[in-house]
Structures are given as C-alpha cells and as structure tokens.
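A.B. asks: Sequence and predicted structure below; questions after.
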Amino acid sequence: MFRPDKSSQLSVSAGQSFLLFSFFSALLFNLCFPASLWAAREERADTAMVMQVKEGNILVLKGGQEVRLIGVRGPSIREFTLNETLAHDQGLRPEGMEDAAQQARDFVKYLVEGQTVRLEVDPAHAPIQHRDREGRILAYVWFVSPVYSTPPDWLVVDPDPKTPEDGFLNAAVMRAGYGTLETDWPFSFGGKFLALEQEAKSNQRGMWKLLKNKPKSPAS
C-alpha cells in the first residue's frame with residue numbers, strides 16, 4: 001500500500017508555499033518538463049470534485065462522469081487479462097501486477113480523492129471528442145500538491161501555476177512508476193511522458209520493481 005511520509009509535509013502560509021515551490025521547481029520539474037511545454041497547453045479547462053479513484057488512471061467525478069488520464073497505461077485491479085498483457089509487453093512478473101494496481105490506486109487516492117481538480121483536454125483528441133472507447137473523458141488532471149520539506153521523487157509541478165492546482169497527476173503517476181506510455185491515442189506530451197517512464201524504470205519505482213530483467217546501473 002502507498003504510504004506517503006506525512007512527517008515530511010509542512011504546514012506553511014501561502015507565501016511560504018510559493019517560495020518553496022519556486023526553489024525546487026527548477027531542480028525537479030524542469031529536468032523533465034521545459035518551459036516550452038506550457039506554451040502548448042490547451043486553454044479549455046474545467047474543475048470538478050473527484051469522488052472515487054477506480055484505478056490508478058481512472059477517476060470518478062461528482063455526478064458520475066469517469067475520467068481517464070491521458071497517456072497513462074497502468075495495471076488494473078479489475079481486469080486481469082489487461083494485467084497479463086501489460087506484464088508480457090513490459091517484461092514484468094505477472095504475479096505482482098494486482099498488488100501494483102492496488103498501490104497505484106492508493107497513490108492516486110492520496111493525491112486527489114475528495115479533492116477538487118482541474119481538467120484539461122488535448123487538442124489532438126478533438127476528432128474522438130475527447131473520449132475513450134468507454135465514453136470516459138480523456139484529460140490531463142491537475143491537483144493542489146502538498147508542500148514537502150523534501151520533495152518526493154515522483155512530484156511534478158508547474159513552476160508558474162496560474163491556478164492553485166499546480167501538481168500534474170498524469171506525469172506524477174508516470175514518474176512514480178505506476179504507468180507506461182499509452183499509445184492508443186496520440187497526445188501532445190508523448191516524448192515527455194516517455195522520459196518519465198524511463199526514469200521510473202531505471203530507478204525501479206512502482207510496478208517497475210517487477211521487471212524480470214533489472215536495468216543495469218550506469219556504473220556497471
């Protein structure tokens with residue numbers, strides 16, 4: 001089960017929060033997401049309450065509408081054949097996939113369940129009306145990130161947020177190792193998400209602990 005280090009969280013004022021995020025965003029966020037990324041962001045956005053996290057990449061909003069995280073293919077709590085396919089495709093041990101799915105859901109629940117998030121669609125999905133085959137909204141999800149004394153290695157934040165929702169959930173799931181690149185639909189940040197996946201894999205985070213062939217360290 002995902003258990004964040006609550007002791008590392010700080011209770012700070014809004015001004016202190018701004019200073020803390022300004023300090024570490026250049027160290028953490030810009031390593032993977034250069035400022036040019038934000039120029040391409042879709043302006044259409046809506047906020048909604050997350051009532052339930054069904055999977056590490058599927059949310060249920062107030063009112064019952066489901067959202068699927070753009071770009072994130074992850075293990076499933078319910079669909080065992082999906083886990084078998086994912087394990088086969090990624091060289092993972094299939095016996096650990098259900099646990100990885102539960103950890104992924106716990107991770108996302110910690111961040112957004114019961115919280116108001118901001119949803120953004122990708123212009124590349126206009127031809128499919130921003131929906132997947134099951135009718136779920138395809139979205140980038142932004143959340144109000146906690147403030148940490150030491151930022152966790154999975155955190156991805158907008159260094160210049162225009163709203164309180166500064167944490168990038170899709171990217172955080174990828175960086176935490178609970179997803180691989182979804183290729184069913186094209187999207188704007190594929191190269192950036194692939195870099196996050198490779199980082200998570202090389203550090204054996206999340207489901208990448210199940211790799212049958214462990215990546216070699218640079219020193220080896």
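C.D. replies: Good, I have the coordinates.
A.B. asks: Now do the strands in this protein.
C.D. replies: Under the criterion DSSP state E, the chain contains strands at 45-55, 58-61, 66-69, 72-73, 116-120, 137-143, 167-168, 180-181.
A.B. asks: Mean neighbour count and distance to Ala104 added to those, as TSV?
C.D. replies: Where you see a C-beta, it was placed from the backbone N, CA and C, and this is true even at glycine. Below are the strands of the chain laid out as TSV (neighbours: other CB atoms under 10 Å; distance: least, CB to CB, whole Å):
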stretch	mean neighbour count	distance to Ala104
strand 45-55	17	7
strand 58-61	22	10
strand 66-69	22	11
strand 72-73	24	9
strand 116-120	19	17
strand 137-143	24	14
strand 167-168	24	16
strand 180-181	20	11
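A.B. asks: check contacts around Asp153.
C.D. replies: The neighbours of Asp153, taking CB atoms under 8 Å, 6 or more residues apart in numbering as the test, are Arg175, Asn203, Arg205.
A.B. asks: Just to check, Glu199 is in contact with Lys192?
C.D. replies: No. If you go by CB atoms under 8 Å, Glu199 and Lys192 don't touch, sitting 10.9 Å apart.
A.B. asks: what's the burial count for Lys162?
C.D. replies: Lys162: 11 surrounding residues under other CB atoms under 10 Å.
A.B. asks: and Thr47, bridged to which residues?
C.D. replies: Beta-bridge pairing of Thr47 under DSSP bridges involves Arg118.
A.B. asks: rewinding a little: buried subset of the contacts of Asp153?
C.D. replies: Among these, those scoring as buried are Arg175, Arg205 (criterion: 16 or more other CB atoms under 10 Å).
A.B. asks: Out of the contacts of Asp153, which sit inside helices?
C.D. replies: Counting by DSSP state H, those place Arg175 in helices.
A.B. asks: Of the contacts of Asp153, which is the nearest to Pro94?
C.D. replies: Arg205 (18.8 Å; CB to CB).
A.B. asks: if I look at the closest one, how far off is Glu182?
C.D. replies: Separation of Arg205 from Glu182 (CB to CB, to the nearest Å): 18 Å.
A.B. asks: tell me which of the contacts of Asp153 is nearest to Thr47?
C.D. replies: For those, the nearest to Thr47 is Arg175 (23.5 Å; CB to CB).
A.B. asks: surely that closest one meets Trp154?
C.D. replies: Yes. Arg175 is within contact range of Trp154, at 4.7 Å (criterion: CB under 8 Å).
A.B. asks: if I look at those two, which residues touch both of them?
C.D. replies: Counting by CB under 8 Å, 6+ apart, the contacts common to Arg175 and Trp154 are Arg205.
A.B. asks: Sounds good, over and out.
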